[in-house]
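> Below are the sequence and a predicted model; questions follow.
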Amino acid sequence: MKKEILLTGDRPTGKLHIGHYIGSLKNRVQLQDQYNSFIMIADQQALTDNARNPEKIRNSLTEVALDYLSVGINPSKVNIFVQSQIPELNELTMHYLNIVTVSRLKRNPTVKNEIKEKNFNESLPAGFLIYPVSQAADITAFKATVVPVGEDQVPMIEQTKEIVRSFNSIYQKEVLVEPTALLPKKGLGRLPGIDGKAKMSKSLDNAIYLSDSPDVVQKKIMSMYTDPNHIRVEDPGNVENNTVFTYLDAFCSDKETLEEMKAHYRRGGLGDVKVKRYLNDILQAELDPIRNKRNDYEKNLDYVFEVLKRGSLNARSVAGETLQEVREAIGINYFI
C-alpha cells in the first residue's frame, strides 16, 4: 500500500508547454505508481490575478486537463481535482491566516519576485499576497508528504512547514504533516523561451505547447535564439546559453551524438539550421504520441469532465477529514 502522499498541480492560465512537460509532467507520470497522488488544477489561485477575466481560467481548465491525460497521467492511479470545487480548502486557508503575519508574507521571496514581475505596486490583490497560505492549505489538506517543486518554489514549502509547526504547537496536537520538497534532477530546471529569455510563457509568445501542430513546432524551432556571433557556418559557436542546445540537453537521449555535435559547433563548420532540424526531429517524435492522445480526448470531453468530477469528490472527502481534525484541535466543532 502506498503511504507517501504526493501533491502537485498547475494554474490553468493556458495550455501547458514543453517546459511544464520536461520540468514536471514527465516526472508525475513516473511517480504515479510510487505515491498516492493528488494533482490539482489550481483555478482559484489563478483567479488571484485574473479575477476580471474568469473566462480565461474556465477555458484553460479544460486545456490543462487534456494535457494531463495526453501525457499519460492515469486517473485510475491519480486524483485529478479542481481547487475551486473543494470549499474545505478555503476554510483551512482562513484558519492558517490567523497564525501568519502580513510581514512574513511580504518577505516570501517567491511572492516578492512575482509581485515585481506583474508590476502590482499598490494594486496588489489581497488574494495574491496570501496565496502561499492557500498553497499551505492545499498541501496540508491531503497531508502531503512530498511536493514536487522547482527551486523558485522552495520558499512556499518552507512557509507551509512554518504553518504546520505553528498550528501543531499552538493547539498542542499533531494534526498537520510537514511536507518535503522534491526538486527536479540536476539539469532539468526551467527551460528558457524560444527567444532565449529566461521564462517561457504565453504572454511573451515564446513557448512551444504540447498541443502545437507539427508545422507550428517546426516554425518555432527554426526561429529559436542561438549564438548571435555564429553568423557563418564556419564560425566557432557557443553552446552555453544557446537555446537550441539547452533544449537538446533536455530532450535528446543520444548523449554521445549530442556531445559530438557540441564539439563540432564549438570549433565551427556546423550551421544553426542543421542543429535546429535535429532538434525538430527529436521534439516531433516526443510530441507526436501526446498530440494523438489529446486529439482522442478532445472528442470525448464528457469523459474528461467525469474524471475531474470524480477526482474532486475524492479530494473533497479527504480534505473534509483534515478540516474536521483542524476544527477539533481549535475547539470550534460546536455542533458536531
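That came through, no problem. Numbers count the residues shown, from 1 in each chain.

> close enough to count as contact, residue 22 and residue 251?
Yes. The pair residue 22 / residue 251 is scored as a contact, 6.9 Å apart, by Cβ atoms under 8 Å. C-beta here means a position set from N, CA and C on the backbone, and glycine is covered the same way.

> State the phi and psi torsions of residue 40.
phi -110, psi 130 (degrees, to the nearest 10).

> For burial, what's the neighbour tally of it?
27 (other Cβ atoms under 10 Å).

> same check, this time on residue 34
Using other Cβ under 10 Å, residue 34 is surrounded by 11 other residues.

> what pLDDT does it get?
The model reports residue 34 with a pLDDT of 93.

> ok so it is a strand residue?
No. Counting by DSSP: H, G, I helix; E, B strand; the rest coil, residue 34 is not part of a strand but coil.

> in the stretch 51-200 of the chain, which spans are strands?
78-82, 146-148, 180-182 (DSSP state E, counting those that start in this stretch).

> can you put those in JSON lines and add distance to residue 114 and mean neighbour count?
Shown next, in JSON lines, are the strands of the stretch 51-200 of the chain (distance: least, Cβ to Cβ, whole Å; neighbours: other Cβ atoms under 10 Å):
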{"stretch": "strand 78-82", "distance to residue 114": "22", "mean neighbour count": "23"}
{"stretch": "strand 146-148", "distance to residue 114": "18", "mean neighbour count": "19"}
{"stretch": "strand 180-182", "distance to residue 114": "18", "mean neighbour count": "16"}
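
> To residue 36, which of the ones you listed lies closest?
For the strands of the stretch 51-200 of the chain, proximity to residue 36 was assessed by Cβ to Cβ; strand 78-82 is nearest, at 8.5 Å.

> same for that closest one, what does it pack against?
The contact analysis (3 or more Cβ pairs under 8 Å, 6 or more residues apart in numbering; DSSP states H and E) places strand 78-82 against strand 36-41, helix 54-71, helix 301-330.

> Okay, now the unreliable bits of the stretch 151-300 of the chain?
Within the stretch 151-300 of the chain, the segments meeting pLDDT under 70 span 186-189.

> give me that answer again for 80
Low-confidence segments of the stretch 151-300 of the chain, defined by pLDDT under 80, span residues 184-190, 198-199, 201-203.
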